[in-house]
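Trainee: compute the structure for the input listed below.
(chains A and B)
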Amino acid sequence: MAWSKQDRIITHDKLVAMLPSVRKHLMKKFPSIISIDVGIKEVNGKLKEEFAFRIHLKEKKALSELKSSEIIPKEIKGIQTDVHKARIFKASGNVDNFIPDENSYSPLWGGVQLKFGGGSGTLGCFVKVKGDTKIHLLSNHHVIMSVKGKAGDLIGHPGAATEDCCCCDGSSIAKVVAGKVGVLTPPAGDPNIVDAAYAILQGQTAGDAIKVLYTNKIISIGPIFGSATPVPGSKVRKRGRTTRYTEGTIKSCTLTATVTYHEKKPEEYDAVYSNQVDINQDAGFDCYLAKGDSGSVTVNTLNQVVGLNFAGDAATGTGAANCIDDVLNVAGWNLEVLSSGTVGAIPISGMQADAIPAARPSTFVQRMEAKLKQTPNGQGMLDIINQNKSEVLDLINDNREVKVAWNRYQGPHFIGHLAKNAREKNHPIPKELNGYSFQNLLIKMSDVLERNGSYQLAQSIEDYSLSVFNFADEYNGLDSMDNLLDKYEFCPNCGQMNKTKNYA
Amino acid sequence: MYRLELLEIQLIKTTTGRRVRTIIEEQAEEVMMLINKNRNVTLVWHRNKGPQFIAKAYESGIKDNIEIPPEIEGIKLNTLLRRIAAVLQEHGSPFLKKAIGKHSLMVFNTAKKNKSLKAIFEEFKTMDQQFNLDSNNESV
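Mentor: Down below sits the predicted model:
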């Protein structure tokens, strides 16, 4: 978004100052309004470069179905309105489409799995109490404490915690210090604003049986440089154990979010949170958050933590996060997010503020995905790709052996030529670059990914690598895909791809 | 060596087989040296049951009704081929790397399709007929 950050902050603060009077006026006049906040205006699902008062209704009707007295005005005090159907966020739900990252990491990173009781979530980032040196992990209350949790409880990674002793498997990594979560009826003066908890890493207190190592980085994102206030319109990203790496844009920092914690007992466990960060997933991502990503943090382009993710809306794929400033200072916690250095002093992977470079040439990938979706064979291939692509990208970005292999065997250059060929049909796809053929690259990547990836990825490589080698050998631009997809039959039962036709 | 010579006799009966022998001859010395002397290659070869698969392959080329097993102790034949190709191209000469890039797909596909060396030799005969290759001359 070319709209400058400074302009957005100034306009946003001005509108937030107007919000109480706008709420008072409109919610009295229109009882169907559930909540109002200040956010980025959306038109046909696309974010525009202007703010609006976002009106959330229980049900959004067509204008023709409304009486004139029921029509929300298009402008309030010179600011446009933007009417939405209110979402019900969930801190739980189905995750059929994703393979969670249940791997064990040592040292610990942000973005890895945590386990408490029967549920799983994500380790957000590392924090400490101001003035103290002990390191703590930050996550959601409903991830590391849940209903029956209390201070002193053990948190496990990646599996459930075991009792501390010198001969146990050591999956316990931290002890809960404190937590706070929204309630159905918050007391006056104590509105629901955070669902957060923090736990002290094992090994820092006398008597701890094990010493837990950590690194102040988040998988796929890199080193973290403290925290910052979220700003609407900012590009952000997160890494969770379910959907792994996703990118998004902050739509609002004043969202009122109704969150369901227990679908069968909403009357006991629903909570309405105010001043939440509302995040839209960017193009190319099915959703920003899903179950299991709770506890992950949202970071801006400077790798500063701006929010603690805690709930998502499956229908829209959007996510809700607590503002990090509220998390760090709630209930007198006085926390600060660890920083790996001086923000802005060294560019992070060449990123400019508020502009995240594409993880891959988007036109080529989007067009290839569109081609694959057109046929059952292609859809089968796409399903396999989607199961593994996040992990493959994580490994290419974060695993040294994989990264070195990818670069040495000319991976980025081959991808660049494929992308250029997708845009310019006459651009040739080279068979060899700097002494490495495309088959050399695929063979090498299948080996390093198999050795460094999860069991799921290794299994996929074993099952499908030959099909990929054959497909790549015959690929000659996006237009050739129609013939290729017709040629390779995808067996839905065993998942194998078999060449069914020979073309001259 | 007696077994190898028997296999070679079968191989050179077809034009396709002779072409394959040429490729093998160009790379065999370096591949054998790497398997025997390069620790990384040796490890991959042995861990992925290379000697066991080779032994079965020899038998399948000489005796009737002997098949190369698709899997030995949890390692699939194609997995061995893929991993050995990866380590050979990593540690071999640029010439070997280029040959692997050029021919490995043919090797993988042939191994997947045929259950024995005898079947592979039969396939070479079929390919000769398909592409009108005379067994004594390169082409008709």
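Trainee: and residue B:3, that's in a helix?
Mentor: Yes - per DSSP: H, G, I helix; E, B strand; the rest coil, residue B:3 lies within a helix segment.
Trainee: any idea how far it lies from residue B:32?
Mentor: Relative to residue B:32, residue B:3 is positioned 16 Å away (Cβ to Cβ, to the nearest Å). For every residue, glycine as well, the C-beta is placed using N, CA and C.
Trainee: ok, now residue B:16?
Mentor: 23 Å.
Trainee: again, but for residue A:385
Mentor: Taken as Cβ to Cβ, the span from residue A:385 to residue B:32 is 38 Å.
Trainee: also residue A:108?
Mentor: Distance from residue A:108 to residue B:32, by Cβ to Cβ: 46 Å.
Trainee: comparing these two, which residue is more hemmed in?
Mentor: Just comparing residue A:108 and residue B:32: by other Cβ atoms under 10 Å in any protein chain shown the higher neighbour count belongs to residue A:108, 22 against 10.
Trainee: wait, what's in contact with the more buried one?
Mentor: A:123, A:137, A:157, A:173, A:201, A:212-215 (Cβ atoms under 8 Å, 6 or more residues apart in numbering or on different chains).
Trainee: ok, residue A:85 next?
Mentor: A:56-60.
Trainee: taking those together, which two end up most distant?
Mentor: A:56 and A:59 (10.7 Å; Cβ to Cβ).
Trainee: looking at those two, which one has more neighbours?
Mentor: Using other Cβ under 10 Å as the criterion, residue A:56 and residue A:59 rank with residue A:56 on top: 21 against 8.
Trainee: what number of residues lie near the residue lying closest to the more buried one once chain neighbours are set aside?
Mentor: Nearest residue to residue A:56, sequence neighbours excluded (Cβ to Cβ, 6 or more residues apart in numbering or on different chains): residue A:86, at 4.0 Å. Counted by other Cβ under 10 Å, the residues lying close to residue A:86 total 18.
Trainee: surely residue A:86 and residue A:34 touch.
Mentor: Yes - at 4.3 Å, residue A:86 counts as touching residue A:34 under the criterion of Cβ atoms under 8 Å.
Trainee: got any residues that touch both of the two?
Mentor: With Cβ under 8 Å, 6+ apart as the test, residue A:86 and residue A:34 both reach A:56-58, A:258.
Trainee: can you show me the helices along the chain?
Mentor: Just going to use chain A. A:5-29, A:141-144, A:266-269, A:324-329, A:362-373, A:376-398, A:400-408, A:411-423, A:438-452, A:455-474, A:481-487 (DSSP state H).
Trainee: hm, I was asking about chain B
Mentor: According to DSSP H, the helices that chain B contains are B:2-11, B:15-37, B:39-47, B:50-62, B:77-91, B:94-113, B:117-130.
Trainee: now mean pLDDT too, for the ones you listed, in a markdown table please.
Mentor: Shown next, in a markdown table, are the helices of chain B (pLDDT from 0 to 100):
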| stretch | mean pLDDT |
| --- | --- |
| helix B:2-11 | 80 |
| helix B:15-37 | 92 |
| helix B:39-47 | 96 |
| helix B:50-62 | 91 |
| helix B:77-91 | 95 |
| helix B:94-113 | 93 |
| helix B:117-130 | 87 |
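Trainee: about what we covered before: need the winner for burial among the helices of chain A.
Mentor: For the helices of chain A, average neighbour numbers computed from mean count of other Cβ atoms under 10 Å in any protein chain shown are highest in helix A:141-144, which has a mean of 29.
Trainee: returning to that earlier point: let me have the helices of chain A in JSON lines, extended by mean pLDDT and distance to residue A:307.
Mentor: What follows is these, written out as JSON lines (pLDDT from 0 to 100; distance: least, Cβ to Cβ, whole Å):
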{"stretch": "helix A:5-29", "mean pLDDT": "90", "distance to residue A:307": "15"}
{"stretch": "helix A:141-144", "mean pLDDT": "91", "distance to residue A:307": "15"}
{"stretch": "helix A:266-269", "mean pLDDT": "66", "distance to residue A:307": "22"}
{"stretch": "helix A:324-329", "mean pLDDT": "96", "distance to residue A:307": "6"}
{"stretch": "helix A:362-373", "mean pLDDT": "72", "distance to residue A:307": "25"}
{"stretch": "helix A:376-398", "mean pLDDT": "83", "distance to residue A:307": "21"}
{"stretch": "helix A:400-408", "mean pLDDT": "93", "distance to residue A:307": "29"}
{"stretch": "helix A:411-423", "mean pLDDT": "87", "distance to residue A:307": "31"}
{"stretch": "helix A:438-452", "mean pLDDT": "95", "distance to residue A:307": "31"}
{"stretch": "helix A:455-474", "mean pLDDT": "89", "distance to residue A:307": "29"}
{"stretch": "helix A:481-487", "mean pLDDT": "73", "distance to residue A:307": "40"}
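Trainee: what's the neighbour count on the spatially closest residue to residue A:473 that is not a sequence neighbour?
Mentor: Closest residue in space to residue A:473, ignoring its immediate chain neighbours: residue B:105 at 5.6 Å, by Cβ to Cβ, 6+ apart. Using other Cβ under 10 Å, residue B:105 has 20 neighbouring residues.
Trainee: now the contacts of residue A:85 as CSV including pLDDT?
Mentor: Listed next are these as CSV, based on pLDDT from 0 to 100:
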residue, pLDDT
A:56, 93
A:57, 91
A:58, 85
A:59, 85
A:60, 81
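Trainee: among these, which are in strands?
Mentor: A:56-57 (DSSP state E).
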